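> Have a look; sequence and predicted model below, questions after that.
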Amino acid sequence: MQKNSRNSQLELLRIISIILIIFHHAMIYTNWSEHSTYPLNEYLVQFLIIGGKVGSNLFVILSAWFLYDKSFKWSRVTKVWLPVIMYTVSIPFILSSIGLEKIDLDSLIEMFFPVLTFRYWYVTNYVMLLFFIPFLNILICHLSKKDFQKLLLLCCLFFSIAPSLFGFDFGNDIIWFIFLFLITSYFKKYKNDIPNIFSLIKMTFFAVFFNLSSIVVLDYLKDIDNQIQVSSTILSKQESYLLLVVSVSLFLIFVQLPHFSNRIINYISSTVFGIYLIHDNKYIRSIIWDDLFKLNQYFDQRNLIVHILLTVSIIFISGVIIETFRRIIQIGFTKMARKGKMYFDNFTWFEK
């Protein structure tokens, strides 16, 4: 195995994360009816919503693990920006060319400035995080271990526990990303503080159990009392303390797994960002969930889970294929640009 080979156990977690996110999008973008003939289907839809928040957290945590103690580089921004703009520009133009979309001035601005216009909430906040990381690393470097722990405790109280239990909102997505970066950096800096795998598995199990139990209990209470307006998935939000425990614990479990390198896993993992950009593009969403798969028509059937699994599999595999072609196109343009630069660099404009 090569010295600089990628940790495939973490790349595998990245793949799991995007699958959880696709499940989440399948649930929130499908127009479900209020009730199903099979109550278990109602629980299934609510349970699968949880995955997207865990997947998003894991995306940030995985990036933070490798960006801890790193300086800012524009190449990291470019690496994110290039695939984003390729999809935000190409998808509307393709749909417009076949008469499925109309492009106006506002659409053009969004297409060519996707990060600034929050075309993808995750991408915009991640790019902002990249600019904050050098300063966060300076802060981490100068904090003592006890002060670092106190900072994490305060962040956890204000940005996770208080919103989860009392509905308070002290921050936004970028604050949450920074908090996840700080948590991850703590365990990267103090690896001896990482709990053992058995303890982490127990924490993950109980956090998931309590989260799912809260959904069942709140559904039951709302059935017997129509005055209860609390969402059954109130503890399944991004900042939920339970999902924070699940996200961090899962990551720390995979960090401690035996290191291995697998080319297939590593390659599929490298397409994950593209899969996200494709299936969560605002021009694609309605086509996927309303026109192609129509999962809501199976809401009253026992085999709903089969259709969900099949849909997620098709989206995942299609995403890998499309992202592969996009990368081939990008590599082709990059080679052409380099050849063009070499030509002009070697061109003698004036002969002496």
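Sure thing, it's come through.
> List the contacts of stretch 302-316.
18-19, 22-23, 26, 38, 41, 44, 48, 275, 279, 288, 293, 295, 298, 301 (CB atoms under 8 Å, 6 or more residues apart in numbering). No exception for glycine: its C-beta is placed from N, CA and C like everyone else's.
> Can you give me the buried ones in the helix or strand Ser90 falls within?
Assessed by DSSP states H and E, Ser90 sits inside helix 74-97. Within helix 74-97, the residues that count as buried by 16 or more other CB atoms under 10 Å are Arg76, Val80, Pro83, Val84, Ile85, Met86, Tyr87, Thr88, Ile91, Pro92, Leu95.
> count of residues packed around Leu108?
The tally of other residues near Leu108 (other CB atoms under 10 Å) stands at 12.
> Just the element for it, please.
helix 105-112.
> and what of Phe206?
Here Phe206 is assigned to helix 197-224, by DSSP H and E.
> ok, now Cys156?
Per DSSP H and E: helix 145-156 holds Cys156.
> Phe72 touches Leu130, doesn't it?
Yes. Contact criterion CB atoms under 8 Å: Phe72 and Leu130 qualify, at 6.8 Å.
> out of these two, which sits in the busier spot?
Neighbour count, other CB under 10 Å: between Phe72 and Leu130, Leu130 has more, with 19 against 15.
> how close does the more buried one get to Phe177?
10 Å (CB to CB, to the nearest Å).
> now swap in Thr233 and tell me
Thr233 is 21 Å from Phe177, by CB to CB.
> Could you check which of these two has the larger neighbour count?
Using other CB under 10 Å as the criterion, Thr233 and Phe177 rank with Phe177 on top: 25 against 21.
> residues in contact with Gly274?
Here Gly274 is in contact with Pro83, Tyr87, Gly319, Ile322, Glu323, Arg326, Arg327 (CB under 8 Å, 6+ apart).
> If we use 10 Å, what do you get?
18, 83-84, 86-87, 319-320, 322-327 (CB atoms under 10 Å, 6 or more residues apart in numbering).
> do Arg326 as well
Residues in contact with Arg326 (CB under 10 Å, 6+ apart) are Leu82, Pro83, Met86, Tyr87, Ser90, Thr271, Gly274, Leu277, Ile278.
> Name the helix or strand for it, please.
Taking DSSP H and E as the criterion, the element that holds Arg326 is helix 304-346.
> Same check on Val54?
Counting by DSSP H and E, Val54 is found in helix 39-67.
> Model confidence for Ser107, exactly?
Note for Ser107: predicted pLDDT of 85.
> Identify the residue nearest the geometric centre of the chain.
Ser56 (3.2 Å; CA atoms, centre = their mean).
> and that residue, what pLDDT?
At Ser56, pLDDT is 95.
> what does Gln2 give?
pLDDT for Gln2: 45.
> Tell me which helix or strand comes right after the helix or strand of the chain with the lowest mean pLDDT.
When each helix and strand of the chain is scored by mean pLDDT, DSSP states H and E, helix 162-166 comes last, with a mean of 80. For helix 162-166, the succeeding helix or strand toward the C-terminus, using DSSP H and E, is helix 173-189.
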